[in-house]
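Sequence and computational prediction follow.
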Amino acid sequence: MKVEISTYQAADLLLRDDNASWSRPAAFAIVEYFEELQEDYAVDFDTVAIRCEFSEYKSIQEAANQYADSLHIDPMEWLQDRTTVILTDSDAVVIQDF
């Protein structure tokens, strides 16, 4: 069975996930990312898969530091060359783990 949900309902599902700790801006950014994907592909919204595949960081630098000790290039460029980067309305960033 397929059920369509609104942006707010999807973000609320992410925020209510007790095993994740998404900020409100990150939850909405993730949902908007999947809404954009849905324009070209069928997307199943799975909060557990999202929690396991994506991580939120306070900044792009913090995310880059998680994967590399030091970078001599722009951390945004470095991450975008390697994974999906989802920007939020705050300084936080969500990346697909790699």
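Structure received. Numbering: from 1, shown residues only.

quick one: contacts of the longest helix along the chain?
Longest helix in the chain by number of residues (criterion: DSSP state H): helix 24-38. The contact list for helix 24-38 (Cβ atoms under 8 Å, 6 or more residues apart in numbering) reads 7, 10-12, 14-15, 22, 43, 45, 50, 54, 56, 84, 86-90, 92, 94. For glycine as for every other residue, the C-beta is placed from the backbone atoms N, C-alpha and C.

Repeat that for stretch 44-57.
5, 10, 13-14, 17, 19-23, 26, 30, 34, 63, 66, 86, 92-97.

Can you flag the buried ones in the contacts of helix 24-38?
10-11, 14-15, 22, 45, 50, 54, 56, 86, 88, 92, 94 (16 or more other Cβ atoms under 10 Å).

With respect to pLDDT, which of the residues you listed ranks lowest?
Among the buried ones among the contacts of helix 24-38, F45 carries the weakest pLDDT, at 89.
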